[in-house]
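Undergrad: Dropping the sequence and predicted coords here.
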Amino acid sequence: MEIVGLTVDRLHEALRARATSVREVCARTLERIEALNGRLGAFLTINRDEALQRAEDLDRELARGDWRPLMGVPVAIKDNICTRGLRTTCASKILHNFVPPYNATAVERLLEAGAIIIGKTNCDEFAMGSSNENSAFGIVRNPWDAERVPGGSSGGSGAAVAADLCVVALGSDTGGSVRLPAAFCGVVGLKPTYGRVSRYGLVAYGSSLDQIGPITKTVADAARVLQVIAGRDPRDSTSSNHPVPDYLAALNGEINGVRLGVPREYFGPGLDEEVKEAVWRAIHRFADLGAEIVEVRLPHTEYAIACYYIIATAEASSNLARYDGVRYGYRAEGARTLREMYRRTRHEGFGAEVKRRIMLGTYVLSAGYYDAYYLKALKVRALIERDFREAFARCDLIVGPTSPTVAFRLGEKMADPLAMYLSDVYTIMANLAAIPAISIPVGLSREGLPIGLQLHARPFEEAMLLRVAHAYERAFPFSQKPPL
Amino acid sequence: MPITKSDVEKIAQLAHLELTEEEKEQFTVQLAAIVAYVEKLNELDTTDVPPMAHAGRDERADYAQRDDIVSEGLGQDLALRNAPDPARGYFRVPKVIEEG
């Protein structure tokens, strides 16, 4: 069984034809991880023995004629999503030895659907970063060019899918952390509507922005994963009981008359010429397929990064207060008082970017600054959400680039945090407005690096997002693979 | 408002973070640049804009609280399993009361 380019569809076809077994696919995947992970750094933990054991159990189920929606699918899970009994570090020294006593709801649902957890993927520490260079356990290299970043923060998940070290992966997206690695690695990344997928067991970063989302090789696989993980969870009071439609049935190729909005603010200064060309070429192709192209405005786009870095860091400073060396994770040795133990544990346990964001978040929430920064940012967030509501009165989906550039070089932006933050200029908007967005690959640059296109939809309209993305993929498949 | 090294020290104290001299110098410069950038928001008049207090609140959804039914918790054993210094069913910590 060839695992390069393996999708859920192809795996299931082969399993149904008895051309392969779950165990064979699982073993092949583990072999490939062992061969390539040293170079890529995509996985922090490989779940070898348990995965093989589970594969054998699933083969026995198959032999009995049982079937499940993600039967036998090797899944990689970002290391900030809790997996029972399997180390979950958030790529941080402060959680280097943390073994969760429970599964995240999304993980629980994947397991019920027959998936196999193949391992835990590297990421920026606590999902804070755009390049995966903030991991305490090493960088991830882009499978397309080893000297480039895979994008962050779900860089390990993006690289693992692109390099066929799994069939699908879960990431988390607070300001673009699923979509940016998908764009940089030439795969599909979906950030669902806020509240569509339970956040239970996702280690909290910015709680009003965080969503778990799939990273996959095809739009159909993104639909399959979303189908399984979406829906109300009594353990997450912000999860919605909005009905979950049949996402796979929505992939009917129908695109006629769909109004695609092009916001001029997404094509301004800072956008790389090659990315711009590729995205416009794709927009013309959407038109050729029957979509109607309309111009829309998102006038507050230029304020999104400032707004985001206030809200996200404020929430982070509060969420990360729990890492104090008392109940789990790392504890500094030799402190004489409790207060000293807290300070030294956090000093030694957190990396530079996490400290920087805790500091910024603490500052914007501190007495005298709350109204000027935090409250102001919440008001600007309302303006950004209103921009989308007004734009969606004129169109069904909003289209643009996922990132202003292709994957940048390792080390290029590490000295300048603000330059790094600007990589998220187009992805942050969807998190602030709490709407769904997807990144799909639409071509390669002259240097052979993937270019991502992003579509946004109204809240809870993932079905339309997937339908239109799938129609494009079917007409213009992205079939190139990284040179590994 | 420019951020000074003493601001950085004060924030670090609030956040229970110990910082090295080098980190203090670095954060003073970097946070000043970031704060100067986010002050861009002051270009916007938001006098009559209500803050977005709830993220993506779905008007059609029912966020009713769950029923108050007793369920199993983690239990002491599992809850202590990741503790750096558990002792007799508790989390042990250094001295809480500081002298002086």
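TA: All right, it came through fine. Residues are numbered from 1 along each chain as shown, chains lettered A, B, ... in the order given.

Undergrad: drop to CA atoms for contacts and neighbour counts, all remaining ones
TA: Will do.

Undergrad: who touches residue 11 in this structure?
TA: Assuming you mean chain A. If you count contacts by CA atoms under 8 Å, 6 or more residues apart in numbering or on different chains, residue A:11 has them with residue A:73.

Undergrad: That was the other one, I meant chain B.
TA: Residue B:11 touches A:359, A:362, A:363, counting by CA under 8 Å, 6+ apart.

Undergrad: Now rank those residues by neighbours and give me the top one.
TA: The most neighbours of any of these, using other CA atoms under 10 Å in any protein chain shown, belong to residue A:363, which has 29 neighbours.

Undergrad: Tabulate the contacts of residue B:11 (TSV), appending distance to chain B and pLDDT.
TA: Shown next, in TSV, are the contacts of residue B:11 (distance: CA to the nearest CA, whole Å; pLDDT from 0 to 100):
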residue	distance to chain B	pLDDT
A:359	6	97
A:362	6	97
A:363	6	96
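
Undergrad: Could you tell me which of those are located in helices?
TA: Among the contacts of residue B:11, DSSP state H puts A:359, A:362, A:363 in helices.

Undergrad: buried residues in stretch A:55-65?
TA: By 16 or more other CA atoms under 10 Å in any protein chain shown, the buried positions in stretch A:55-65 come out as A:55, A:56, A:58, A:59, A:62.

Undergrad: Over to stretch A:184-191?
TA: Buried residues in stretch A:184-191, counting neighbours by 16+ other CA under 10 Å, are found at A:184, A:185, A:186, A:187, A:188, A:189, A:190, A:191.

Undergrad: any residues touching it, and which ones?
TA: By CA under 8 Å, 6+ apart, the surrounding residues in contact with stretch A:184-191 are A:142-144, A:149-151, A:158-159, A:161-162, A:172-173, A:178-179, A:181-183, A:211-219, A:222, A:406-407, A:436-441, A:449-452.

Undergrad: ok, and which of those residues reach chain B?
TA: Filtering the contacts of stretch A:184-191 for neighbours of chain B using CA under 8 Å from any CA of the partner chain leaves an empty set.

Undergrad: doesn't residue B:55 make contact with residue A:208?
TA: Yes: using CA atoms under 8 Å, residue A:208 is in contact with residue B:55, at 5.5 Å.

Undergrad: Overlap of the contact sets of the two?
TA: Common neighbours of residue A:208 and residue B:55 are listed as residue A:194 (criterion: CA under 8 Å, 6+ apart).

Undergrad: between the buried residues of stretch A:55-65, which is closest to chain B?
TA: residue A:55 (27.5 Å; CA to the nearest CA).

Undergrad: Test my guess that the closest one contacts residue A:28.
TA: No: between residue A:55 and residue A:28 there is no contact under CA under 8 Å: 11.8 Å.

Undergrad: Need the overlap of contacts for these two.
TA: By CA under 8 Å, 6+ apart, no residue touches both residue A:55 and residue A:28.

Undergrad: The buried residues of stretch A:184-191 in helices, which ones?
TA: Under the assignment DSSP H, the buried residues of stretch A:184-191 contribute A:184, A:185 to helices.

Undergrad: which of the buried residues of stretch A:184-191 lies closest to residue A:378?
TA: Of all the buried residues of stretch A:184-191, residue A:378 sits closest to residue A:191, with 21.2 Å by CA to CA.

Undergrad: Show the pLDDT at that closest one.
TA: Looking at residue A:191, its pLDDT reads 98.

Undergrad: Would you mind stating the distance between it and residue A:392?
TA: According to CA to CA, to the nearest Å, residue A:191 and residue A:392 sit 18 Å apart.

Undergrad: Check residue A:168 too.
TA: Noted for residue A:168: a distance of 31 Å to residue A:392, by CA to CA.

Undergrad: repeat for residue A:333
TA: Relative to residue A:392, and taking CA to CA, residue A:333 is found at 55 Å.

Undergrad: more crowded one of these two?
TA: Between residue A:333 and residue A:392, residue A:392 has the larger neighbour count (other CA under 10 Å), namely 19 against 9.

Undergrad: OK, contacts around the nearest residue to residue B:25 once chain neighbours are set aside?
TA: Nearest non-adjacent residue to residue B:25, counting by CA to CA, 6 or more residues apart in numbering or on different chains: residue B:5, 6.9 Å away. Contact analysis of residue B:5 by CA under 8 Å, 6+ apart lists B:24, B:25, B:28.

Undergrad: ok, for the residue lying farthest from the centre of chain A, nearest residue in space, not its chain neighbours?
TA: Within chain A, residue A:336 marks the point farthest from the mean C-alpha position, 41.3 Å out by CA atoms, centre = their mean. Residue nearest to residue A:336 in three dimensions, not counting chain neighbours: residue B:94, with 6.1 Å by CA to CA, 6+ apart.

Undergrad: What of residue A:8?
TA: residue A:221 (6.3 Å).

Undergrad: returning to that earlier point: now, which of the ones in helices among the contacts of residue B:11 sits nearest residue A:482?
TA: Nearest member of the ones in helices among the contacts of residue B:11 to residue A:482, counting by CA to CA, is residue A:359, at 38.9 Å.

Undergrad: mind listing what that closest one touches?
TA: Contacts of residue A:359 by CA under 8 Å, 6+ apart are A:317, B:8, B:11, B:12, B:15.

Undergrad: If we use 10 Å, what do you get?
TA: A:313-314, A:316-317, A:353, B:8-17, B:27, B:31 (CA atoms under 10 Å, 6 or more residues apart in numbering or on different chains).
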